[in-house]
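Asks: coordinates only, sequence not included:
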């Protein structure tokens, strides 16, 4: 029984370290908003150049939340953290942080980018007015780097929010954003 408690404490400590690691490599400090906007520009350009179907969705969207760098780490207990910007008509209107916690079989670390494409005015309004919006399973998820293609007309008709995950690198299998919580942040608090 003592060894199980020790194992649980160890997992909690390692999970806390994983959450700390997940916060690394994001825009912080002086001129954080300018550095974050530069990363968002690079993410947008990468999406437009490499994934034409998803780029068409983004170009016709009511708004797009670009999350250029999510850092995820875990060992039994894990977490992910990133910062990004919401753009409407390609103009930054708000900055957001994204956090995710998980428990289960996991070990390793990875980084990835993702975007949330808001297809309707209502979906965008719901996101902006929520005190902490959580990505749910009713959004459409696509991983274009895995060879999947998106049928634009079907997606636009059926899903108000499309999540595109790309640019994965690291030592963890898969990336998922279901359950990720997004909160508006003020650039000086990065």
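Replies: Sure thing, it's come through. Because the structure is predicted, anything quoted here is derived from the model rather than measured. Numbers count the residues shown, from 1 in each chain.
Asks: Please report phi then psi for residue 51.
Replies: Backbone torsions for residue 51, taken as degrees, to the nearest 10, come to phi -130, psi 80.
Asks: Identify the residues contacting the nearest residue to it once chain neighbours are set aside.
Replies: Leaving aside its chain neighbours, residue 51 sits nearest to residue 144 (4.4 Å; criterion: CB to CB, 6 or more residues apart in numbering). Where C-beta positions appear, they are placed from N, C-alpha and C, glycine not excepted. Contacts here follow CB atoms under 8 Å, 6 or more residues apart in numbering; on that basis residue 144 touches 50-51, 53-54, 150, 164, 166.
Asks: Pull the residues that contact the host helix or strand of residue 36.
Replies: When elements are defined using DSSP states H and E, residue 36 is found to belong to helix 32-50. For helix 32-50, contacts defined as CB under 8 Å, 6+ apart pick out 27, 54-55, 58-59, 64, 66-69, 83-85, 87, 90, 92, 95, 113, 115, 144, 164, 166-167, 187-188, 190.
Asks: circling back: for the residue nearest to residue 51, give its distance to residue 57.
Replies: Separation of residue 144 from residue 57 (CB to CB, to the nearest Å) stands at 11 Å.
Asks: what bridges to the residue lying closest to residue 101 once chain neighbours are set aside?
Replies: Closest residue in space to residue 101, ignoring its immediate chain neighbours: residue 79 at 4.9 Å, by CB to CB, 6+ apart. Taking DSSP bridges, one finds residue 73, residue 101 as the beta-bridge partners of residue 79.
Asks: Neighbours of residue 79, how many?
Replies: Using other CB atoms under 10 Å, residue 79 is surrounded by 22 other residues.
Asks: got it, and residue 113?
Replies: So residue 113, with other CB under 10 Å, has 23 neighbours.
Asks: correct me, but it touches residue 71?
Replies: No - counting by CB atoms under 8 Å, residue 113 stays clear of residue 71, with 10.9 Å between them.
Asks: in stretch 95-110, what counts as buried?
Replies: 95-102, 106, 109-110 (16 or more other CB atoms under 10 Å).
Asks: Just give me the closest of these to residue 125.
Replies: Using CB to CB, residue 96 comes nearest to residue 125 of the buried residues of stretch 95-110, at 15.3 Å.
Asks: Summarise which helices and strands the helix or strand where the closest one lies is packed against.
Replies: Using DSSP H and E, residue 96 sits in strand 91-118. When contacts are defined as 3 or more CB pairs under 8 Å, 6 or more residues apart in numbering; DSSP states H and E, strand 91-118 sits against helix 2-22, helix 32-50, helix 52-59, strand 63-88, helix 121-129, strand 161-170, strand 181-185.
Asks: hey, least reliable of these by pLDDT?
Replies: Ranked by mean pLDDT, the helices and strands packed on strand 91-118 bottom out at helix 2-22, with a mean of 41.
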